[in-house]
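> Generate a structure from the sequence data that follows.
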Amino acid sequence: MMLLAALLAQAAVPAPAAPGVQPASPRTLTGRFACEAVVYEVQVTAAPLVGTGVVLDRLVVDGKAVDAGSLAEARRMAVRLSDVQSMDVRCRADGAGELSIYGTQVAAGAAPRRARLRGLLQGAGVSGLAMAVAR
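The predicted structure follows:
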């Protein structure tokens, strides 16, 4: 009985991490934004310590995924971010939504810089994708 208790106590203690090594902590942000009758859903995942960039997991307009070409382009642009802090969709007068994903971009040997990925959500697609990076 004593041996079983000792084994259970030992199993409950996490193994120490190697010195200087931090585990990667993936972070997922999910947002649901409404502009009048149109609902936009966005989900992004970042694992900054892994160095894979930001992954655009989901982009939906009114319950329908955006067209494959638009999604591929948005994913290609999102991966240029190394981390993500926030996102929003601003409603425009013409009924479209302006998507902004805020994060950082890291270049080899340089300090991280604030960055913003922006695109226009309209109909079944996303267009006008642009990346702005602080100097």
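
> D88: neighbour count?
Number of residues near D88 (other C-beta atoms under 10 Å) recorded here: 14. (Each C-beta comes from the backbone N, C-alpha and C, glycine too.)

> brain fart, V39
By other C-beta under 10 Å, the residues close to V39 number 15.

> likewise E73?
17.

> doesn't G128 make contact with it?
No - using C-beta atoms under 8 Å, E73 makes no contact with G128, being 10.5 Å away.

> Let me see the ranges of the strands in this protein.
Applying DSSP state E to the chain gives strands spanning 27-35, 38-46, 54-61, 64-65, 83-91, 97-105, 113-122, 125-133.

> Quick one: those strands as a markdown table, columns for mean pLDDT and distance to M77 too.
Shown next, in a markdown table, are the strands of the chain (pLDDT from 0 to 100; distance: least, C-beta to C-beta, whole Å):
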| stretch | mean pLDDT | distance to M77 |
| --- | --- | --- |
| strand 27-35 | 93 | 16 |
| strand 38-46 | 94 | 12 |
| strand 54-61 | 94 | 8 |
| strand 64-65 | 92 | 17 |
| strand 83-91 | 94 | 13 |
| strand 97-105 | 94 | 9 |
| strand 113-122 | 95 | 6 |
| strand 125-133 | 94 | 5 |
